[in-house]
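Enquirer: Show me how the following folds:
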Amino acid sequence: MSLAAAGPGGPTRPVLALADDLSGAAETAVALRSPGRILLGPVPAPAPPAPGESLVLDLDSRQRPAAEAARAVRDATLSAPPDALLFKKVDSLLRGNLAAEAAAYARDCRGVVIATALPPAGRTVRDGVVRLRGVPLHETDAWRAETRPA
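Expert: Coordinates of the predicted model:
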């Protein structure tokens, strides 16, 4: 099943997906399984996706200051066609500017669903705590490698 909105003849709505790095953009493009483009960005004014097409933007925002990352998200969402489905791919280990980007993404919308789990990679959420192979993320070596606080 494609993540794109499908009608009887296949996907009908354009999809705009945002990622904070290239690997996330590539993962998202594969998951969408629809014709599309990956653009390295942030891109000032990308051509919007056509009906049935996916546009995945690598905002390269993971290591940027939070305000700059939020601005990149906001600028990208403003360029989306009004009928587009919007996705924001987040890192399953919560690296980057999750809070700032989610707030920018949610501005002026009816709701946002944030799902950080990636069970095939041992990344789950239990009782509101992200876990890596069952260990709370903030107690793992993976998180200790981050330069930002948990």
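
Enquirer: Please make it C-alpha for all contacts and neighbour counts, starting now.
Expert: Fine.

Enquirer: averaged over its residues, what pLDDT does the helix or strand where A31 lies have?
Expert: Assigned by DSSP states H and E, A31 belongs to helix 22-32. Rounded to a whole number, the mean pLDDT of helix 22-32 is 88.

Enquirer: So which bits of the longest helix seen in the chain are buried?
Expert: Using DSSP state H to define each element, the chain has its longest helix at helix 66-78. Across helix 66-78, burial judged by 16 or more other Cα atoms under 10 Å covers 66, 69-77.

Enquirer: related to what we said a few turns ago, show me what whichever helix or strand comes after the helix holding A31 is in contact with.
Expert: Later in the chain than helix 22-32, the nearest helix or strand by DSSP H and E is strand 36-40. Residues from elsewhere that reach strand 36-40, judged by Cα atoms under 8 Å, 6 or more residues apart in numbering: 22, 25-26, 29, 49, 53-60.

Enquirer: Please apply the same query to stretch 132-143.
Expert: 93, 122-124, 129-131, 144, 150.

Enquirer: Out of those, who's the most crowded?
Expert: Using other Cα atoms under 10 Å as the neighbour test, those are led by T124, with 23 neighbours.

Enquirer: Quick check: it touching L93?
Expert: No - the pair T124 / L93 is not scored as a contact, 9.5 Å apart, by Cα atoms under 8 Å.

Enquirer: anything in contact with each of the two?
Expert: What both T124 and L93 touch, as defined by Cα under 8 Å, 6+ apart, is the set 116, 130.

Enquirer: quick one: low-confidence parts of this structure?
Expert: 1-11, 44, 110-111, 149-150 (pLDDT under 70).
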